[in-house]
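Sequence and computational prediction follow.
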Amino acid sequence: MPTTAATKKITTHTLRQMKASGEKISMLTAYDYTMARLLDEAGVDVLLVGDSAANVMAGYETTLPITLDQMIYHAASVVRAARRSLVIVDLPFGSYQEDARQALHSAVRVMKETGAHGIKLEGGESVIEAVQRIVAAGIPVMGHLGLTPQSIYQFGTYAVRAAEEKEAQKLLHDALLLQQAGCFALVLEKIPAKLAGEVTAQLSIPVIGIGAGKYVDGQVLVVHDMLGMNQAFKPRFLRQYANLQEVIQEAVRQYVADVKSQQFPGEHEQY
Ligand code: KIV
């Protein structure tokens, strides 16, 4: 039976079962209490407190500036709303790259100060020790390969990754290492669908894609993008399920007009 919004809490174990049974995993980003409540109630399996908060919440061009303290603030707000969804939190840039000890320290802070259920970090071979150390402490870790926005200055573009054979082989190698190191799931961002399918078939852990096509175990999108809150951002992989930019701006235009024309508040909207 598919896992519905009415059934019990999602765990990392549930995600493994979903992969095994072929039920696709739904994941969306969330950064605040109210949105997280709406997503949780609507049946999203995983809420990712992504470091994309740096972009969509704070207006930075990249994800690099957001701090661990700021991620903890967002994550604690999301956890307070989550009744059913699994909550995973991105370790931000600079909070785990030094060494495994620093990575563990950051992961422990996230778990203790937010009540989240696990962390996500970007990278392959270079983060294996960090993954092992965090997993050994009993903290679930989600990996992230392909387009890794924290390394944007190394690559210089947000173009599709691993389109060439050599990079594709490296990605598959890294994915296997992450699984071996104990990751419970893996995000693949902006890579060819065929490669994502091959990785998904070779791994026993769930693979969740963003711009990685349909042959994966689940999908993730940035919630502000899929709700159409920024009509200027329309990459090919993004499906917009609403046009909230229009809905919100129309409501606000109406409010401004009502205030100006003294149509608001009315007789029944005052004491
Ligand atoms: O930060 C984020 O939103 C992410 C997703 C794009 C996977 O890492």
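Yep, it's here.

which bits of the stretch 1-150 of the chain sit near the ligand?
29, 48, 50-52, 90 (Cβ under 6 Å from any ligand atom). C-beta: built from backbone N, CA, C; applies to glycine.

what about the residue of the chain found nearest the ligand, neighbour count?
Taking Cβ to the nearest ligand atom, the ligand has its nearest neighbour within the chain at residue 50, 2.4 Å off. Residue 50 is flanked by 31 other residues according to other Cβ atoms under 10 Å.

Phi and psi next, for the spatially closest residue to it that is not a sequence neighbour.
Leaving aside its sequence neighbours, residue 50 sits nearest to residue 29 (Cβ to Cβ, 6 or more residues apart in numbering; 4.3 Å). Backbone geometry at residue 29, expressed as degrees, to the nearest 10, gives phi -80, psi 150.

The one 10 residues further on too?
Torsion angles at residue 39 (phi, psi; degrees, to the nearest 10) stand at phi -70, psi -40.

That one: what's it in contact with?
28, 30, 47, 85, 223 (Cβ atoms under 8 Å, 6 or more residues apart in numbering).

residue ranges of the helices in this structure, please?
Applying DSSP state H to the chain gives helices spanning 12-21, 33-41, 53-56, 68-81, 100-114, 128-136, 152-155, 165-181, 193-202, 223-226, 244-260.

could you dump the ones you listed to CSV with mean pLDDT?
Shown next, in CSV, are the helices of the chain (pLDDT from 0 to 100):
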stretch, mean pLDDT
helix 12-21, 98
helix 33-41, 98
helix 53-56, 98
helix 68-81, 99
helix 100-114, 98
helix 128-136, 98
helix 152-155, 95
helix 165-181, 98
helix 193-202, 98
helix 223-226, 98
helix 244-260, 98
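
For residue 87, name its beta-bridge partners.
Bridge pairing for residue 87 (DSSP bridges) gives the partners residue 47.

And the furthest pair within the contacts of residue 39?
Largest separation among those by Cβ to Cβ: 85 and 223, giving 12.2 Å.

Show me which of those two is the more surrounded one.
Looking at residue 85 and residue 223 with other Cβ under 10 Å, you find the greater number of neighbours at residue 85, namely 28 against 24.

That one reaches residue 42, doesn't it?
No: judged on Cβ atoms under 8 Å, residue 85 makes no contact with residue 42 at a distance of 9.7 Å.

So residue 140 versus residue 131, what's the distance?
Residue 140 is 11 Å from residue 131, where distance means Cβ to Cβ, to the nearest Å.

of those two, who's got more company?
residue 131 (28 against 23).

Against residue 197, how distant is the more buried one?
Residue 131 sits 24 Å away from residue 197, going by Cβ to Cβ.

quick one on the thing from earlier: count of residues packed around the residue nearest to residue 50?
By other Cβ under 10 Å, neighbour count at residue 29 equals 29.
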